[in-house]
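Peer 1: no sequence for this one, just the structure:
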């Protein structure tokens, strides 16, 4: 579609790409945070934080040294590239790891790292891309710590307040809950950015707080967030593809391969070993996490920052990052399951935990029916087993006076009860007819000639 393709579209607006890229990254981080379980990352939070902070510092330094001494880039350009490619891509990590049966310690560490490390990397890239001399390391370290602290505090506060409100406010339609959750996540990013903190860390932590709060209509919210995340990734890749000019990439392929090799086989393993050895992470898990530093569209988005700031040779930096990400993602992503099997990390009791998640009823070919017993219903006083629902339908939950419980066959229904009935596709209509019949005619409906809709008209 670009100027070298069939569409012939000429697009070189790096600022617009950066704006849309940031928006897409907010959505991707929100989707990742909503799907991150606190119980999975709580045991590995110190290790993941070390990997996202100290690990990034090691990776930036080693990669920048390789870019300077092996490729001949100036130090500012080398530091920018080192910072840009040191961020693991949240979307890539989430999509790959959730398909591989790995130990919870590995997946939790990598998911938390990918959610946390965008924030310090963005701060570093902006600092290295700003005109004038780069600040002393202790000043830069203080700025990073302050921005991360502000972003974390605001993200957790917005997430907690948002979840508190959504649990107590009855929205007029269930479809508004997913929109409200995403709006709260975006508000967390805005609050962090306006307070000169890390908006990306704020949106991730706020989304994690929302995702672990037990909000109503959660399966619909997760599905909405996943769909929006895919749309964000698609739109992001379209814009990045338009911004790339293929005929300009030829001279930058070799530097990209060299820098990528330094990053993959030297910088990433060193950062993992330096960060995780104090936490006594087994060597096999360290090897896998060294190879699982997946890069995606996020580093390419960050490579637009020096372009917008007018850094010398910023176009070359963008081209090198694009080639590096494209090549090494194609190498690392498909080989990650093979490496996990070779290291025997997908076997044994440590990965025997059940994979439990909310399954969409469409996939199960079922329906969840909500039935409220009105004041004048003859279903009052009827036992569950007297409903005589067709095979394939069952009352799975009763909500009474604000409390829910799983009913027994002898549970007596009362006015105002809300029943949750699961019915398979073939018997849904029959189950609805039977429930209406009992509501109008009582437990003997059908025996005394009392039908459902037909006789109630």
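Peer 2: Sure thing, it's come through. Quick caveat: nothing in here was measured; it's all calculated off a predicted structure.

Peer 1: which regions of the protein sit below the pLDDT cut-off?
Peer 2: Within the chain, the ranges that satisfy pLDDT under 70 run 1-8, 90-91, 93-95, 97-100, 131-135, 346-364, 447-457.

Peer 1: Break it into its domains for me.
Peer 2: Following automatic domain parsing, the chain resolves into domains at 14-351, 361-456.

Peer 1: Off-centre distance for the longest one?
Peer 2: Its chain's C-alpha centre lies 11 Å from the corresponding centre of domain 14-351 when counted by CA atoms, centre = their mean, to the nearest Å.

Peer 1: hmm, back to that, output the domains of the chain in JSON lines, with mean neighbour count appended to each entry.
Peer 2: In short, each C-beta sits where N, CA and C put it, glycine included. Formatted as JSON lines, the domains of the chain follow (neighbours: other CB atoms under 10 Å):
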{"stretch": "domain 14-351", "mean neighbour count": "20"}
{"stretch": "domain 361-456", "mean neighbour count": "16"}
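
Peer 1: What spatial separation is found between residue 202 and residue 254?
Peer 2: Using CB to CB, to the nearest Å, residue 202 is found at 39 Å from residue 254.

Peer 1: again with residue 142
Peer 2: 38 Å.

Peer 1: With residue 367 instead?
Peer 2: Counting by CB to CB, the gap from residue 367 to residue 254 is 58 Å.

Peer 1: With residue 291 instead?
Peer 2: For residue 291, the distance to residue 254 equals 23 Å [CB to CB].

Peer 1: Residue 143 too?
Peer 2: Using CB to CB, residue 143 is found at 35 Å from residue 254.

Peer 1: Got the phi and psi for the nearest residue to residue 378 once chain neighbours are set aside?
Peer 2: Excluding the flanking residues, the one nearest residue 378 by CB to CB, 6 or more residues apart in numbering is residue 442, at 4.0 Å. For residue 442, the backbone dihedrals (degrees, to the nearest 10) come out as phi 80, psi -170.

Peer 1: Confirm for me that residue 442 is in contact with residue 382.
Peer 2: Yes. Using CB atoms under 8 Å, residue 442 is in contact with residue 382, at 6.7 Å.

Peer 1: What is the helix or strand where residue 62 lies packed up against?
Peer 2: Using DSSP states H and E, residue 62 sits in helix 45-66. Applying 3 or more CB pairs under 8 Å, 6 or more residues apart in numbering; DSSP states H and E, we find helix 45-66 packed against helix 75-84, helix 104-116, helix 118-129, helix 253-262, helix 268-276.

Peer 1: Out of those, which is closest to residue 56?
Peer 2: helix 118-129 (5.5 Å; CB to CB).

Peer 1: Specify the next element, helix or strand, located C-terminal of that closest one.
Peer 2: Helix 118-129 is succeeded, C-terminally, by helix 137-168 (DSSP H and E).

Peer 1: Apart from its chain neighbours, what residue comes closest to residue 372?
Peer 2: Using CB to CB, 6+ apart, the closest residue to residue 372 is residue 418 (5.0 Å).

Peer 1: Look up phi and psi at that neighbour.
Peer 2: Dihedral angles for residue 418 - degrees, to the nearest 10 - are phi -110, psi 120.

Peer 1: What's opposite it in the beta bridge?
Peer 2: In this entry, residue 418 is beta-bridged to residue 372, residue 399, by DSSP bridges.

Peer 1: Show me the strands in the stretch 301-450 of the chain, by range?
Peer 2: Counting by DSSP state E, counting those that start in this stretch, the stretch 301-450 of the chain has strands at residues 366-372, 393-400, 403-405, 418-424.

Peer 1: Could you say which one of these comes nearest to residue 436?
Peer 2: That would be strand 366-372 among the strands of the stretch 301-450 of the chain, by CB to CB, at 9.4 Å.

Peer 1: Which strands or helices does that closest one pack on?
Peer 2: Looks like strand 366-372 contacts strand 418-424, helix 428-441 (3+ CB pairs under 8 Å, 6+ apart).

Peer 1: Turn those into JSON lines, columns for distance to residue 96.
Peer 2: Output for the helices and strands packed on strand 366-372, formatted as JSON lines (distance: least, CB to CB, whole Å):
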{"stretch": "strand 418-424", "distance to residue 96": "33"}
{"stretch": "helix 428-441", "distance to residue 96": "37"}
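
Peer 1: Residue 166: which of these is closest?
Peer 2: strand 418-424 (19.2 Å).

Peer 1: what angle separates the closest one from strand 393-400?
Peer 2: 160 degrees (axes from the mean of the first three to the mean of the last three CA atoms, to 10 degrees).

Peer 1: what does strand 418-424 rub up against?
Peer 2: The contact list for strand 418-424, computed with CB atoms under 8 Å, 6 or more residues apart in numbering, reads 361, 365-373, 389, 392-400, 413, 431, 435.

Peer 1: Ok, stretch 169-179 next?
Peer 2: Contacts of stretch 169-179 (CB under 8 Å, 6+ apart): 166, 180, 215-217, 220-221, 223-225.

Peer 1: what do you get if the cut-off is 7 Å, keeping everything else the same?
Peer 2: Identification of contacts with stretch 169-179 by CB atoms under 7 Å, 6 or more residues apart in numbering yields 166, 180, 215-217, 220-221, 224-225.

Peer 1: how long is it from one end to the other?
Peer 2: For stretch 169-179, the first-to-last residue distance is 14 Å (CA to CA, to the nearest Å).

Peer 1: and if you look at stretch 69-81?
Peer 2: Taking CA to CA as the criterion, the two ends of stretch 69-81 lie 13 Å apart.

Peer 1: Show residues contacting it.
Peer 2: Residues contacting stretch 69-81 (CB under 7 Å, 6+ apart): 60, 63-64, 67-68, 125, 128-129, 255, 258-259, 262, 306, 311, 313, 317, 320-321.
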